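Undergrad: Pasting the sequence and the predicted model now:
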Amino acid sequence: MSNAPRISYVPFEEMSAEMQAEMERCVKEGTPRPESSAVRAHVPDCFWFFADSWAKVFRHGVVDHSLKELCRIYVSRSVVCEFCGNQRSLQGREAGVNEGQVDDLMHFEKSSAYSDREKAALAYAEAIVWRTDVDDAFWERMNAHFTEAELVELGCATGLTLGQQSWLRLLNIEHHQVMVGRSDASMAAGYETADAVQKTKSSPDYWARKPTDTE
C-alpha cells in the first residue's frame with residue numbers, strides 16, 4: 001500500500017499571509033501540527049473553520065484544558081488516529097497531563113491515574129465516541145462534576161475531535177513532512193523526528209500496532 005498522503009499538502013508558499021501565520025503557530029505550538037493544517041488549506045474556509053474552532057473550544061474556553069487534552073487523546077486511541085495520537089498539547093503537558101495517564105486511557109475507570117473529575121470527562125467522551133446508552137445515573141455523575149456550560153464545551157470539543165480524527169486517520173499523513181525541522185513542538189516522546197517516529201512505530205509496544213504487524 002502507498003505511503004504517500006491520500007490528499008496532498010498545500011505548499012506553504014501558496015498560502016495567504018494569514019494562513020502562513022497560523023502555520024507558523026502550528027509549528028511553534030502544535031496541536032494541530034502543520035501537516036493536517038496543510039491538508040485543510042486546500043479549502044481556506046475549512047482551514048479557518050478548524051483553526052478558529054480549535055482555538056476557541058480546545059485551546060481556550062471554560063473547561064480545564066487538561067481535561068480536553070485527555071479526551072482528545074482518548075478519541076485518538078479509540079479511532080486509532082496515529083497522526084493525532086502521537087502528538088501532545090503543550091498546554092496539557094504544562095497542566096500535568098503525563099504519559100502514565102495516556103497509557104491507561106482505555107481503562108480509565110479502573111485506573112488510579114485519574115481524578116474523579118477526569119474519569120467523568122472521559123466517561124462523557126466514551127459515551128460520545130462509542131454511542132453508549134446513558135441513564136439518569138450517568139447524568140447525575142456529569143452534573144456532579146460539571147456545569148452545563150462545561151458540558152456543552154466538553155461535548156463540542158470531543159465531537160470536533162472525533163469528526164476530524166475519524167477523517168485524518170484515512171489520509172496517511174505523517175509528522176515531519178511539512179515545514180520540516182522547524183520544531184518538534186507538541187510531539188509525544190519518541191516522535192520528535194521522522195527517524196524517531198519510524199523507530200517507535202516499529203516497536204512491539206507501539207500503541208497502534210496491529211496484530212498482523214507482528215507476524
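TA: Cool, got the structure.
Undergrad: What's the local residue count around N98?
TA: Neighbour count for N98, taken as other Cβ atoms under 10 Å: 11. For the C-beta atoms, the positions are set from N, CA and C on the backbone; glycine is no exception.
Undergrad: repeat for S203
TA: 10.
Undergrad: Check what pLDDT it gets.
TA: The model reports S203 with a pLDDT of 95.
Undergrad: Now do the same for the closest residue to it other than its chain neighbours: helix, strand or coil?
TA: Of all residues not flanking S203 in the chain, R209 sits nearest, at 7.8 Å (Cβ to Cβ, 6 or more residues apart in numbering). Under DSSP: H, G, I helix; E, B strand; the rest coil, the three-state class of R209 is coil.
Undergrad: Check the spacing between R209 and E99 real quick.
TA: Plainly put, R209 is 17 Å away from E99 if you go by Cβ to Cβ, to the nearest Å.
Undergrad: Please apply the same query to S16.
TA: S16 sits 37 Å away from E99, going by Cβ to Cβ.
Undergrad: what do you get for L171?
TA: For L171 relative to E99 (Cβ to Cβ), the value is 26 Å.
Undergrad: For the longest helix seen in the chain, which helices and strands make contact with it?
TA: Longest helix of the chain, by residue count under DSSP state H: helix 148-168. Packed against helix 148-168, as judged by 3 or more Cβ pairs under 8 Å, 6 or more residues apart in numbering; DSSP states H and E, are the following elements: helix 34-40, helix 44-54, helix 65-79, helix 82-85, helix 116-130.
Undergrad: CA atoms only for the helix or strand containing Q198 - export them in CSV, please.
TA: Using DSSP states H and E, Q198 sits in helix 194-201. Taking Å, rounded to 0.1, in the frame of the first residue of the first chain, the C-alpha atoms of helix 194-201 are listed here in CSV:
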residue,chain,number,x,y,z
ALA,A,194,11.0,11.3,11.3
ASP,A,195,13.5,8.7,12.2
ALA,A,196,12.2,8.6,15.8
VAL,A,197,8.7,8.1,14.5
GLN,A,198,9.7,5.1,12.4
LYS,A,199,11.7,3.6,15.3
THR,A,200,8.8,4.0,17.8
LYS,A,201,6.2,2.6,15.3
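Undergrad: in the protein, which segments are predicted with low confidence?
TA: Counting by pLDDT under 70, the ranges of the chain that qualify are 211-215.
Undergrad: if we can go back for a sec, can you count the residues close to the residue nearest to S203?
TA: 13.
Undergrad: gap between it and S183?
TA: Note on R209: its distance to S183, by Cβ to Cβ, is 27 Å.
Undergrad: Repeat that for L67.
TA: Distance from L67 to S183, counting by Cβ to Cβ: 26 Å.
Undergrad: Neighbour count for those two, which is higher?
TA: Here L67 and S183 are compared on neighbour count by other Cβ under 10 Å; more neighbours surround L67, at 27 against 16.
Undergrad: Sounds good, over and out.
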